[in-house]
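K.L.:
Following is a predicted model, sequence given first.
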Amino acid sequence: MAKIDLVRNIGVVAHIDAGKTTVSERFLFHSGKIHKAGEVHDGETQMDWMEQERERGITITAAATTFEWAKHEIHLIDTPGHVDFTIEVERSLRVLDGAVVVFCAVGGVQPQSETVWHQADKFRVPRLAFINKLDRIGASFEGVVGEIRDRLGANAVPIQLPIGSEDGFEGVVDLITEQALYFSGEIVDTPELRPIPGELAGAVAEARERLIAAVADVDDVIAEKYLEGAAIPAAELKAALRKAVIAVKIIPVLGGTALRNKGIHPLLDAVIELLPAPTDVPPVTGVDPRNPNGTEKLTRAPRNSEPFAALAFKIAMDEGRKVVFLRVFSGVVEAGGELLNARTGRKEKVARLFRIHADKRERLEKAVAGEIVAVAGLKEATTGDTLCDPKAPIMLERIDTYEPVISQAIEAENNAAKERLDLALVKMADEDPTFRVKEDAETGQTIIWGMGELHLEVIVDRMRREYGVAANVGKPQVVYRETVLGEAEGHAVFEREMKEQKIYGEARCLVRSLARGSGVKFTRKLAGGVAVGDTIVEAAMQGLRDAASSGADGFPLEDVEVTLISVAIAEGADALIGVRAAAAEAFRRAVLGANPQRLEPIMSVEVTTDDEFVGAIIGDLNQRRGHIQDVATRGPKRVVTALVALRNMFGYSTRMRSLSEGRATFVMKFHAYDTLAS
């Protein structure tokens with residue numbers, strides 16, 4: 001167990017096909033964790049261990065591992081690059097201290113690169129940028145650095161310069177130490193230090209000057225020396241750069257080609273030297289779960305002496321048993337110990353502790369501050385739960401999730417398989433917060449929801465392989481929402497006699513439209529002098545919230561403001577049930593009067609294609625009633641961006657491949673719920 005300042009918790013994130021998993025595999029090989037580097041194209045990687053990942057050549061689930069480099073312990077999470085699995089990236093970044101963002105030297109900043117970058121911004125995660133595939137035709141180190149600055153608004157500063165380009169790429173110059181590192185391309189060889197080539201001396205001097213100037217902008221000591229023209233030793237420059245990286249003021253840029261074994265050693269060194277240890281990041285903050293709305297903030301510093309606090313960031317099923325991945329922020333827990341789940345308020349027992357290597361486990365006796373571990377025995381914990389010391393409760397901020405946009409009916413092949421299907425669906429919904437299951441009350445069908453066609457396809461495939469459940473699925477369906485275009489009041493009285501108990505409630509509310517993307521807002525503006533208690537008002541508000549989950553057509557509402565105007569009760573009657581039911585009915589009447597309209601998921605579609613197929617691609621998107629937003633040039637390719645209703649995008653990948661002779665690729669992500677002229 002390493003000292004906490006010798007620990008690094010990092011993730012590798014990128015757009016699909018940028019080479020992220022290959023970078024992770026090379027990390028493991030060079031550190032001695034594995035003895036054969038697996039290739040994505042051969043389906044032999046360690047980190048893509050699921051059968052579906054190896055078949056498709058993509059990462060689906062975030063895989064964790066631990067390895068050593070330069071006497072440091074590195075906890076690494078390799079995350080998916082496909083937009084359907086973006087929750088895996090979000091929840092990983094929430095618990096990591098640093099990230100390596102991989103960019104393709106030809107593709108540059110691609111759509112999912114932007115998504116993961118903004119997710120990292122949200123959590124203020126210090127980053128290194130690694131420009132991969134510098135040996136490819138059309139590769140441009142400078143071009144991608146420019147895109148990172150322009151498209152991501154990042155202060156990207158190269159700390160290396162490539163030696164050679166495309167198939168002539170053979171090494172990098174380290175701008176901090178002013179040494180040239182040459183790579184043979186053989187996986188077992190370490191970089192060879194040589195003098196900087198004469199023809200690069202001028203470019204290296206300029207690039208080092210720019211690096212020092214960038215550090216001087218954020219560090220007063222370096223600024224003073226820089227202005228005086230004094231020499232700045234490499235160790236001093238590196239220390240100042242590290243401070244700037246941890247403060248997310250500078251993003252150092254390195255380069256290489258992971259598949260050809262070039263650039264990985266210096267990238268691992270940079271992880272150790274520039275990214276933070278758990279002790280370098282601020283203490284986590286939370287609230288007391290006994291008073292979650294209180295103003296007092298609680299903190300937990302990354303020390304073993306502090307009370308235990310950890311965040312459950314991922315749930316996995318191991319041979320049908322639940323395993324919870326924890327990031328330990330403070331304190332120590334031992335196998336057999338008791339933890340408090342701050343959400344449920346109940347204690348849970350830690351049956352076993354593990355260190356993870358992809359799908360393999362290593363038993364631990366205890367877990368300490370700064371570590372990422374897996375725990376068996378926590379029956380109720382879900383993604384985003386805080387596990388803490390029962391004597392010092394704390395609730396950390398939960399992990400945001402995403403609303404699914406696509407659904408499918410699913411049924412077991414026969415009655416005997418129905419029970420196994422239900423069990424499998426419950427377990428997979430437990431693992432994945434973006435996957436939902438619900439029984440349709442009217443039809444009795446089981447409906448599954450997800451983030452895209454691939455997401456649901458993988459779920460159904462996993463049920464067959466992991467749970468032995470062969471299920472029939474219907475065609476994917478779009479998940480709609482509703483809004484209103486105007487405003488209207490609704491009034492309702494609810495009056496019943498039940499078991500000799502009178503139930504009575506009266507409510508009036510106003511519903512009005514809001515701008516797209518505003519969500520649903522609930523407010524109360526009760527007329528003065530209404531003599532009802534807070535409990536009655538809260539029951540009416542709950543009635544409004546319940547009703548908002550299904551509007552006039554039965555779809556959840558978006559972009560509306562709902563205001564409770566009045567509540568009335570009768571003496572001797574059960575008022576709580578009455579006002580809740582009356583408020584819900586008043587809401588439905590108001591919606592019907594405010595010009596309700598259905599909204600549908602609009603997707604942002606980006607197609608990358610050769611010039612000769614641009615016309616056919618645009619023509620097809622127009623046929624799908626898409627709105628073309630932009631046609632840009634990126635290196636040798638053309639990039640077509642459009643907004644298209646999801647219902648018109650089913651089966652698109654097959655059509656796009658046939659239009660482009662299999663040479664185009666596309667990325668589709670949720671843009672907004674809206675109406676799109678069709």
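P.N.:
Right, received. Where do you want to start?
K.L.:
okay, CA-based contacts and neighbour counts for the rest of this
P.N.:
OK.
K.L.:
what helix or strand is the residue most central in space within the chain on?
P.N.:
Residue closest to the mean C-alpha point of the chain, counted by CA atoms, centre = their mean, is E90 at 2.1 Å. Using DSSP states H and E, E90 sits within helix 86-95.
K.L.:
A205 now?
P.N.:
helix 201-216.
K.L.:
Report the rounded mean pLDDT for that helix.
P.N.:
The average pLDDT for helix 201-216 rounds to 92.
K.L.:
Which strands or helices does it pack on?
P.N.:
strand 156-158, helix 220-228, helix 234-246 (3 or more CA pairs under 8 Å, 6 or more residues apart in numbering; DSSP states H and E).
K.L.:
returning to that earlier point: name the nearest residue to the residue nearest to the centre of the chain, ignoring sequence neighbours.
P.N.:
Excluding the flanking residues, the one nearest E90 by CA to CA, 6 or more residues apart in numbering is Q119, at 6.3 Å.
K.L.:
hang on, the one you found in a helix?
P.N.:
Yes - the assignment for Q119 is a helix, going by DSSP: H, G, I helix; E, B strand; the rest coil.
K.L.:
so it sits right up against L93, yeah?
P.N.:
Yes - contact between Q119 and L93 holds when scored by CA atoms under 8 Å: they sit 7.4 Å apart.
K.L.:
more neighbours, the two?
P.N.:
Taking other CA atoms under 10 Å, Q119 and L93 do not tie; L93 has more neighbours (29 against 18).
K.L.:
So what's the residue count around the residue lying closest to the more buried one once chain neighbours are set aside?
P.N.:
Computed as CA to CA, 6+ apart, the closest residue to L93 that is not its neighbour in sequence is A120, at 6.3 Å. As a burial measure, A120 scores 23 neighbours (other CA under 10 Å).
K.L.:
what's in contact with stretch 158-170?
P.N.:
134-139, 141, 145, 171-176, 182-184, 204, 207-208, 211, 252-256, 262 (CA atoms under 8 Å, 6 or more residues apart in numbering).
K.L.:
Please list only the buried members of these.
P.N.:
134-136, 139, 141, 145, 171-176, 182-183, 204, 207-208, 211, 252-256, 262 (16 or more other CA atoms under 10 Å).
K.L.:
So which of the residues you listed belong to helices?
P.N.:
F141, V145, V204, A207, R208, L211 (DSSP state H).
K.L.:
would a markdown table of these with distance to V644 be doable?
P.N.:
A markdown table is the format used below for those (distance: CA to CA, whole Å):
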| residue | distance to V644 |
| --- | --- |
| F141 | 33 |
| V145 | 31 |
| V204 | 46 |
| A207 | 43 |
| R208 | 46 |
| L211 | 43 |
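K.L.:
Nearest to H627 among these?
P.N.:
V145 (30.3 Å; CA to CA).
K.L.:
Hmm, that closest one is touching A156, no?
P.N.:
Yes - using CA under 8 Å, V145 is in contact with A156, at 6.5 Å.
K.L.:
before we move on, the earlier item: closest to V333 out of the helices and strands packed on helix 201-216?
P.N.:
helix 234-246 (27.9 Å).
K.L.:
pLDDT of the closest one, averaged?
P.N.:
Rounded mean pLDDT across helix 234-246 is 93.
K.L.:
Just the terminal-to-terminal distance for stretch 169-178.
P.N.:
Length of stretch 169-178, first residue to last, CA to CA, to the nearest Å: 18 Å.
K.L.:
I'd like the average pLDDT over it.
P.N.:
Rounded mean pLDDT across stretch 169-178 is 92.
K.L.:
Show me how far that stretch is from its chain's centre.
P.N.:
33 Å (CA atoms, centre = their mean, to the nearest Å).
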